[in-house]
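[1] I would like the atomic coordinates for the input below:
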Amino acid sequence: MNERANTRMQAVLQDLVASGRELGLQLAVYQHGKLVVDTWAGLADRASQRPVDGQTLFTVFSTSKGVAATCVHMLAERGQIDYDAPIARYWPEFAAAGKERATVLDALTHRVGVPLLPPNATAATICDWDAICAYLAAEPPAWPPGTQSGYHAFTYGWLLGELVRRVDGRPVARFVDEEISRPIGDPGFYFGIPEAVEPRVATLEWVTDPPEAMAPPGSLAARQIPYGSLDWFNRGDVRRASIPGAGGITTARWLARHYAALIGAVDGVRLLPSSRIASATALQYDGPDFISGMAARRALGYTLAGLPHAPLGPRATAFGHGGAGGSLGGADPERGIAIGFTKTLLTRHPDVSTSHTLHVMERLRQELGAG
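    The predicted model follows:
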């Protein structure tokens, strides 16, 4: 542990909580395979005054996507998945409605064109794996696959998760447990929690958003993330469901350890060789997202740094994924740094949701000399 950096980063988190800008936070950092920062502050649940500790579990929304991508890359490394192959090679039903040429690479880079939940989707809808996958297989694409990159906020996880299940035979939740969590020696990640860990899960809170945060009714953005749908993630049934695009539940420590084991060895364990990480993190798309219009830099399932105000930092080789409200997991291979950041007080407005994350990451780089 880097005691100086840990103490100073703990003070950063405590200041955010004491000022009322945040409620509950965790931060963990590995550097060259060693845990150097492991700290937290605030409350996991305001009503009960339950404090955050190192074992508190947080819903991390789209930060989950990076974990789902890792599963696909592990199967590719074993020769079981070809990025350029049609999804329908592994999932024959997916060839319906003009999607026969949509590839695994398209799925990893948000190019398939099926970002929408079923009409009038409810919390119960997203808990039904088979029904969602059947809907996606039958759904006509919103654009010709491969022609646009538009963020698949929820559906990304079912696309990759069903690929994993079809190829490997195990549900993606079990794959993560057996192929990632157990090897790295940390069981703290769930696509669907068991009842026993429910008391460890933090309660999410949403702050009031400005009107411009709301997507226009009827737009692709509004249809892919129905207003109010993020509130579903405090429900017990949603917490217990496997929702790999948005519903991962974990600790900052697990996220940091996962990315540390992607860029190097952690206690002798490395999840993927450097050659696979190089291909998985190569730039695939650099431009405006087709749905949101926001700038995006995408690799194969991971987002890349290099954009102004990117939480992962200025180096274009840094990769990972963030989630709604500001959670983050990622790595800076050039500096040997891997991070996990989780939080409970959330906003849907992208500029606001990342502002405190940016502040924490900038202070962290200063402390570690990794600007």
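[2] what sits against the spatially most central residue of the chain?
    Per Cα atoms, centre = their mean, the C-alpha nearest to the average position across the chain is that of residue 63, at 1.6 Å. Under the criterion of Cβ atoms under 8 Å, 6 or more residues apart in numbering, the neighbours of residue 63 are 248, 255, 321, 322, 323, 327, 328, 329. Placement of C-beta: from N, CA and C, glycine included.
[3] mind checking how far the second one is from residue 100?
    Meaning residue 255. Computed as Cβ to Cβ, to the nearest Å, the residue 255 to residue 100 distance reads 36 Å.
[4] what about the two, which has more around it?
    With other Cβ atoms under 10 Å as the criterion, residue 255 and residue 100 differ in neighbour count, and residue 255 comes out ahead with 33 against 13.
[5] Pretty sure the more buried one sits against residue 331.
    No - in this structure, residue 255 sits apart from residue 331 without contact. The criterion is Cβ atoms under 8 Å, and the distance is 10.1 Å.
[6] Mind listing the shared neighbours of these two?
    With contacts taken as Cβ under 8 Å, 6+ apart, the residues that reach both residue 255 and residue 331 are residue 339.
[7] buried stuff in the lengthiest strand in the chain?
    When the chain is parsed with DSSP state E, its longest strand is strand 34-45. Within strand 34-45, the residues that count as buried by 16 or more other Cβ atoms under 10 Å are 35, 36, 37, 38, 39, 40, 41, 42, 43, 44, 45.
[8] Please work out the average pLDDT along stretch 293-307.
    Per-residue pLDDT values over stretch 293-307 give a mean of 93.
[9] Quick check: end-to-end length of that stretch?
    When the termini of stretch 293-307 are compared using Cα to Cα, to the nearest Å, they are 14 Å apart.
[10] What is the distance between it and the centre of its chain?
    Relative to its parent chain, stretch 293-307 has a centroid offset of 13 Å by Cα atoms, centre = their mean, to the nearest Å.
[11] what do you get for stretch 172-184?
    For stretch 172-184, the distance from its own C-alpha centre to the chain's C-alpha centre is 16 Å (Cα atoms, centre = their mean).
[12] For that stretch, give the mean pLDDT please.
    If you average the pLDDT values across stretch 172-184, you get 98.
[13] Between the two ends of it, what distance do you get?
    Comparing the first residue of stretch 172-184 with its last one, the separation is 17 Å (Cα to Cα).
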